[in-house]
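Engineer: Attaching a predicted model along with its sequence, questions to come.
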Amino acid sequence: MNYEIQRSDLEWRDLLGPLEYEVLRQAGTEHPFTGELLDEARPGTYACRACGNELFAASTKFDAGCGWPSFWEPLRDGAVEYHDDFTVGRKRVEVRCAKCGSHLGHVFPDGYGTPTGNRYCMNSVCLTFTPDTQAS
């Protein structure tokens, strides 16, 4: 696919750490309950670690108890893209950054009482967090 941000495999390897590369560029998964953003609760914005594309508002984050940061919707239409994923022997929906094509996680329609009924289960290592700044 043609993405706004394109790099060679070598450039991605140089830009990202080993775990970041494995998850973002090879569709790996970080271990549950290990991500630095799992318990982040401040207002702010989550972006793609590979390219900086803003993906999720902190106001849509919720505790799904699954071990990965979970959100009920992306920040805006077109922030992410979806791909069918059959790698575990059943269909899942993979979520990728729409700007650079990096793997972020999966979306599941399993409810959790969210306004959309969706759980965007994201790998913490795929995200950066920028807290909102409050003017005093």
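Structural biologist: Nice, thanks for sending it over. Worth saying up front: this structure is predicted, and the values here are computed from it rather than measured.
Engineer: Output the longest helix belonging to the protein.
Structural biologist: helix 18-26 (DSSP state H).
Engineer: What mean pLDDT does the helix or strand just after that one get?
Structural biologist: Next along the chain after helix 18-26, taking DSSP states H and E as the criterion, comes strand 44-48. Confidence over strand 44-48 (mean pLDDT, whole number) is 98.
Engineer: ditto for stretch 106-126
Structural biologist: 93.
Engineer: What residues sit buried inside that stretch?
Structural biologist: Neighbour counts over stretch 106-126 (16 or more other Cβ atoms under 10 Å) mark 106-108, 112, 114, 118-126 as buried. All C-beta atoms are positioned from the backbone trio N, CA, C, and that covers glycine.
Engineer: Return the distance of it from the chain's centre.
Structural biologist: Centroid displacement of stretch 106-126 relative to its chain, using Cα atoms, centre = their mean, to the nearest Å, is 10 Å.
Engineer: Between the two ends of it, how far is it?
Structural biologist: Using Cα to Cα, to the nearest Å, one end of stretch 106-126 lies 12 Å from the other.
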